[in-house]
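Colleague: Generate a structure from the sequence data that follows.
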Amino acid sequence: MPQNKQIHLDSRPQGEAAATNFKLVTGETPPLQDGQVLVRHHFLSLDPYMRGRMNDAKSYAVPQPLGEVMGGGTAGEVVESRSPKYQVGDKVVGMGGWQEYSVVNVDQPGALRKVDTTHVPLSHYLGAVGMPGVTAWYGLVKIIEPKAGQTMVVSAAAGAVGSAFGALAKARGCRAVGIAGGADKCKYVTDELGFDACIDYKEHKDAASLSKALKEACPDGVDGYFENVGGMVLDAVMMRMNAFGRIALCGMIAGYDGQPVPMTYPQLLLTNRIKLQGFIVSEHMEVWPEALKELGTLVATGKLKPRESVAQGIASAPEAFLGLLKGKNFGKQLVKLT
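Modeller: Next up, the predicted model:
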């Protein structure tokens with residue numbers, strides 16, 4: 001059996017996460033039992049939710065145990081099989097974690113699924129046609145419930161979730177407006193993703209300034225907002241929400257280091273009768289087939305052009321993850337392992 005390099009969580013962060021919280025370990029992959037397959041990971045997914053799991057605190061996800069492989073999505077291929085359900089060479093996605101290989105019990109629900117790479121590259125199954133894409137789909141379709149002609153706004157618009165949200169909103173006849181960090185990201189959001197406008201939050205020192213820019217980009221106000229960030233960005237959008245607007249709350253990256261994230265104008269929730277709903281996409285597995293079908297079609301037909309930031313090798317995962325938390329990535333953050 002092959003040697004297997006892994007990244008373990010070695011210590012809990014005190015405030016900001018650091019590379020020293022992680023440890024590179026090399027071990028043996030165990031021999032396969034009946035009903036198991038050995039997967040060689042080609043790509044490892046890095047996602048903001050992982051920061052919350054590093055804390056030993058009450059959250060929607062169980063804390064990441066110390067001294068064990070960091071959990072996370074993976075895409076790769078079957079290199080050995082003791083199950084008739086999978087053949088050597090099958091391309092698969094699963095939750096193999098931050099390591100080069102994983103042994104998977106194929107009968108465990110949701111542990112592994114085959115994917116078709118004929119029209120969709122393998123890496124996209126960790127982004128646009130994977131968990132981030134389904135997250136965008138659920139927030140838009142099930143919580144915001146858009147109608148043609150309405151204005152949809154998403155923060156972190158150049159990322160894996162935000163880019164999918166824009167394509168899905170445009171497909172429903174909506175005006176799509178993004179908020180992203182930096183001129184290059186905003187140019188990608190409008191020129192390649194087809195958003196109607198994108199605002200560079202780095203050009204605005206406070207919520208009032210950002211809200212003024214939103215007013216120009218959203219002359220008819222904001223009907224639906226997909227929130228990934230919190231803090232100043234949420235305050236700015238709140239001032240532009242229309243009556244009976246809907247907010248899908250997916251992430252609060254502004255508060256991932258454990259600091260409180262105050263809301264400046266909570267009274268606007270009442271004044272404008274806004275629906276604000278938080279959600280975790282893994283609790284809604286029933287929508288995944290429908291969502292993945294639409295997302296796969298958007299990618300295959302070129303209506304969604306996902307961008308990727310790719311770090312090389314398992315040892316690069318911690319620094320790439322810390323960069324993701326600071327917005328250094330451009331599109332979906334991956335680690336390429338082969």
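
Colleague: Mean pLDDT per helix and strand in the chain: which one sits at the bottom?
Modeller: helix 49-53 (a mean of 89; mean pLDDT, DSSP states H and E).

Colleague: what ranges do the helices span in the protein?
Modeller: In the chain, helices defined by DSSP state H lie at 49-53, 131-138, 160-171, 183-191, 207-217, 232-238, 267-271, 288-300, 317-325, listed in chain order.

Colleague: so which of those gets nearest Leu337?
Modeller: Each of the helices of the chain was checked against Leu337 via Cβ to Cβ, and the shortest separation belongs to helix 317-325, namely 9.3 Å. Heads up, the C-betas are built off the backbone N, CA and C, glycines and all.

Colleague: Determine the set of other helices and strands touching that closest one.
Modeller: Packed against helix 317-325 by the contact rule (3 or more Cβ pairs under 8 Å, 6 or more residues apart in numbering; DSSP states H and E) you find strand 308-312, strand 332-336.

Colleague: just the angle between the last one and strand 308-312, please?
Modeller: Put simply, strand 332-336 runs at 30 degrees to strand 308-312, going by axes from the mean of the first three to the mean of the last three Cα atoms, to 10 degrees.

Colleague: just to revisit the earlier point, wait, which of the helices of the chain is closest to Gln6?
Modeller: For Gln6, the closest of those is helix 317-325, at 10.0 Å, according to Cβ to Cβ.

Colleague: so where's the stretch 1-150 of the chain uncertain?
Modeller: Residue ranges of the stretch 1-150 of the chain with pLDDT under 70: 60.

Colleague: Start from the N-terminal end of it and give the strands.
Modeller: Per DSSP state E, counting those that start in this stretch, the stretch 1-150 of the chain has strands spanning 3-9, 22-28, 36-45, 74-81, 91-94, 101-105, 112-114. These are given in chain order.

Colleague: And the shortest one, what does it pack against?
Modeller: Translated: strand 112-114. Short answer (3+ Cβ pairs under 8 Å, 6+ apart): strand 112-114 packs on strand 91-94.

Colleague: Contacts for the strand it packs on, please.
Modeller: By Cβ atoms under 8 Å, 6 or more residues apart in numbering, the list of residues contacting strand 91-94 from outside reads 39, 73-78, 86, 102, 104, 111-117, 122, 125-126, 130.

Colleague: Tell me which residues are up against the least confident helix or strand of the chain.
Modeller: Residues lying outside helix 49-53 but in contact with it, judged by Cβ under 8 Å, 6+ apart, are 17, 59-64, 70-72, 251, 253, 256-257, 321, 325.

Colleague: Pull out the buried residues from those residues.
Modeller: When the contacts of helix 49-53 are checked for burial by 16 or more other Cβ atoms under 10 Å, the buried set is 17, 64, 70-72, 251, 253, 256, 321, 325.

Colleague: Save those as a markdown table, and put in distance to Pro262 too.
Modeller: Converted to a markdown table, the buried ones among the contacts of helix 49-53 look like this (distance: Cβ to Cβ, whole Å):
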| residue | distance to Pro262 |
| --- | --- |
| Ala17 | 22 |
| Gln64 | 27 |
| Met70 | 31 |
| Gly71 | 30 |
| Gly72 | 31 |
| Gly251 | 17 |
| Ile253 | 15 |
| Tyr256 | 15 |
| Phe321 | 27 |
| Leu325 | 20 |
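
Colleague: Specify which member of those is nearest to Gly27.
Modeller: The closest of the buried ones among the contacts of helix 49-53, once distances to Gly27 are taken by Cβ to Cβ, is Met70, at 14.3 Å.

Colleague: ok, the residue nearest to the spatial centre of the chain to Lys114 distance?
Modeller: By Cα atoms, centre = their mean, the chain has its centre lying nearest to Pro132, at 3.9 Å. Between Pro132 and Lys114 the distance, using Cβ to Cβ, to the nearest Å, works out to 20 Å.

Colleague: Same check on Gly296?
Modeller: For Gly296, the distance to Lys114 equals 13 Å [Cβ to Cβ].

Colleague: Looking at the two, which one has more neighbours?
Modeller: Gly296 (20 against 12; other Cβ atoms under 10 Å).

Colleague: shouldn't that one be in contact with Val129?
Modeller: Yes. Contact criterion Cβ atoms under 8 Å: Gly296 and Val129 qualify, at 5.0 Å.

Colleague: so what's in contact with the two at the same time?
Modeller: Residues touching both Gly296 and Val129 by Cβ under 8 Å, 6+ apart: Val120.

Colleague: Domain parsing of the chain, as residue ranges.
Modeller: Structural domains of the chain, as assigned by automatic domain parsing, span the residue ranges 3-127+307-336, 131-282.

Colleague: Highest mean neighbour count out of those?
Modeller: Burial among the domains of the chain, expressed as mean neighbours by mean count of other Cβ atoms under 10 Å, is greatest for domain 131-282, which shows a mean of 20.

Colleague: First-to-last residue distance for that domain?
Modeller: 8 Å (Cα to Cα, to the nearest Å).

Colleague: Stretch 196-212 now?
Modeller: Per Cα to Cα, stretch 196-212 runs 17 Å from first to last residue.

Colleague: And for stretch 166-176?
Modeller: When the end residues of stretch 166-176 are compared by Cα to Cα, they are separated by 6 Å.

Colleague: Now do that stretch: everything it contacts.
Modeller: Defining contact as Cβ under 8 Å, 6+ apart, one finds that stretch 166-176 is touched by 136-137, 140-141, 146-152, 154, 157, 165, 178, 189, 193-196, 218, 220, 224, 294-295, 298, 303-304.
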